[in-house]
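Engineer: just to be clear, the model below is a prediction. Sequence and coordinates:
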Amino acid sequence: MNRRRDTRDLTERPTTRGTGRRHHGAIAQKLGIAILSGEYTPGHVLDAEVIASEALDVSRTAYREAVQVLTAKGLVESRPKTGTRVLPRDRWNLLDPDVLAWAFVGEPDIEFIRGLFELRAIVEPAAAALAAVRHDDSDVSLMGQALDAMERHTLASEEGRAADRDFHTAILRATRNDALIVLSSSIGAAVNWTTQFKQRARALPRNPVPDHRRVYDAIAARDAEGAGRAMRTLVDLALDDTSRSMK
C-alpha cells in the first residue's frame, strides 16, 4: 500500500497534554495505519521512545508495548543503537486481522486486494469441497443460520457482515483440517473488510447472498465438485464487485 493518508503527523506535539493515558492498542493501531498507508515507508526509523511517547501523549510503557505489538506482526524491528525501523513489506504479516483492518482504513491498492482474492480463490474452493465430504449436521446448521442472518440483516450492516464471516468460518471448520481452520480469522477478516470497502461510496452492485446459498446447497448435498465450483464463482464475483468499486 503506497498511497498516503491525509492525517496529522504522528510526531506533531499536541497543544495540550491529555490527562489520561491511551491504551497501547490504540497507539499500535495509529502507528500501524501509518505504516500500512505508506506514511511510514520501509526503512523509516520511528522516533526514539521518549520523544515518541511525549509526542503521542502516552506513557513510555504504553508506547513500548505498542511497538511490541507491531513487532509481533512483522511491521517493525527494534535494535539497540539503531532504534525501531519499519521492515520491508515482505516481512509484514498481511493476514493478521489487525493488519488487514489497518490496510483498509486508507485506500489499499488494487494489487493488494487482488492478492487477497487470489488467496481466497486458492483456499476456499478446496475448503468447500472438503467440507462437502467431511461436514456433520452441526456444520450445516451453522452455515444455514449464518445464511439466514445474512438475508435478514443484509451485508450493508455489521450484523450481516458478521454472519458472512460466520458462514466462511463454518466452512473452514467443516474441513476438519487444522491447517485450514487456522486461516479462519484471516479469511474472515478479508471477507469483512473487502465487503465493507466496496460499499464505502455506494450500495453493493448486486445481492451476493444467492451465491452463498449455492455453496451451502452443494455442501449440504455432499457435492464436492459443485461446492468447489460454486465457491470459486462466489470469490470471482466478489473480486469483480470490489474492482468496479475502485474505479
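Structural biologist: Sure thing, it's come through.
Engineer: please list the outside residues in contact with stretch 189-200.
Structural biologist: With contact meaning C-beta atoms under 8 Å, 6 or more residues apart in numbering, stretch 189-200 is reached by 95, 97, 100-101, 103-104, 108, 113, 116-117, 119-120, 155-156, 161-162, 164-165, 168, 204, 238, 241-242, 244-246. From N, CA and C alone the C-beta is placed, and that goes for glycine too.
Engineer: now these: which count as buried?
Structural biologist: 97, 100-101, 103-104, 108, 113, 116-117, 119-120, 155, 161-162, 164-165, 168, 238, 241-242, 245 (16 or more other C-beta atoms under 10 Å).
Engineer: so which of those belong to helices?
Structural biologist: Assignment to helices by DSSP state H places the following of these there: 97, 100-101, 103, 113, 116-117, 119-120, 161-162, 164-165, 168, 238, 241-242, 245.
Engineer: what number of residues lie near the spatially closest residue to Val133 that is not a sequence neighbour?
Structural biologist: Taking C-beta to C-beta, 6 or more residues apart in numbering, and ignoring the residues beside it in sequence, Val133 has Ala224 as its nearest neighbour in space, at 5.3 Å. For Ala224, the tally of surrounding residues (other C-beta atoms under 10 Å) stands at 18.
Engineer: so what does Ala224 have for phi and psi?
Structural biologist: phi -60, psi -50 (degrees, to the nearest 10).
Engineer: quick one: secondary structure of the nearest residue to Arg91 once chain neighbours are set aside?
Structural biologist: Distance criterion C-beta to C-beta, 6+ apart; nearest residue to Arg91, sequence neighbours excluded, is Gly74 at 4.7 Å. Using DSSP: H, G, I helix; E, B strand; the rest coil, the three-state assignment for Gly74 comes out as coil.
Engineer: likewise for Arg85?
Structural biologist: At Arg85, secondary structure determined by three-state DSSP is strand.
Engineer: what's around the nearest residue in space to Arg120 that is not next to it in sequence, how many residues?
Structural biologist: Leaving out its chain neighbours, the residue that sits closest to Arg120 by C-beta to C-beta, 6+ apart is Val235, at 4.9 Å. When neighbours are counted by other C-beta under 10 Å, Val235 registers 23.
Engineer: so what's Ala203 scoring on pLDDT?
Structural biologist: Per-residue confidence for Ala203 comes out at a pLDDT of 74.
Engineer: now do the helices in this structure.
Structural biologist: Secondary structure of the chain by DSSP H: the helices cover 24-37, 49-55, 60-72, 97-103, 110-134, 137-153, 158-174, 178-181, 184-197, 209-220, 224-245.
Engineer: does the worst-scoring helix or strand of the chain on mean pLDDT pack against any helices or strands, and if so which?
Structural biologist: When the helices and strands of the chain are compared on mean pLDDT, DSSP states H and E, helix 49-55 comes out lowest with a mean of 78. Other elements packing on helix 49-55 under the criterion 3 or more C-beta pairs under 8 Å, 6 or more residues apart in numbering; DSSP states H and E are helix 60-72.
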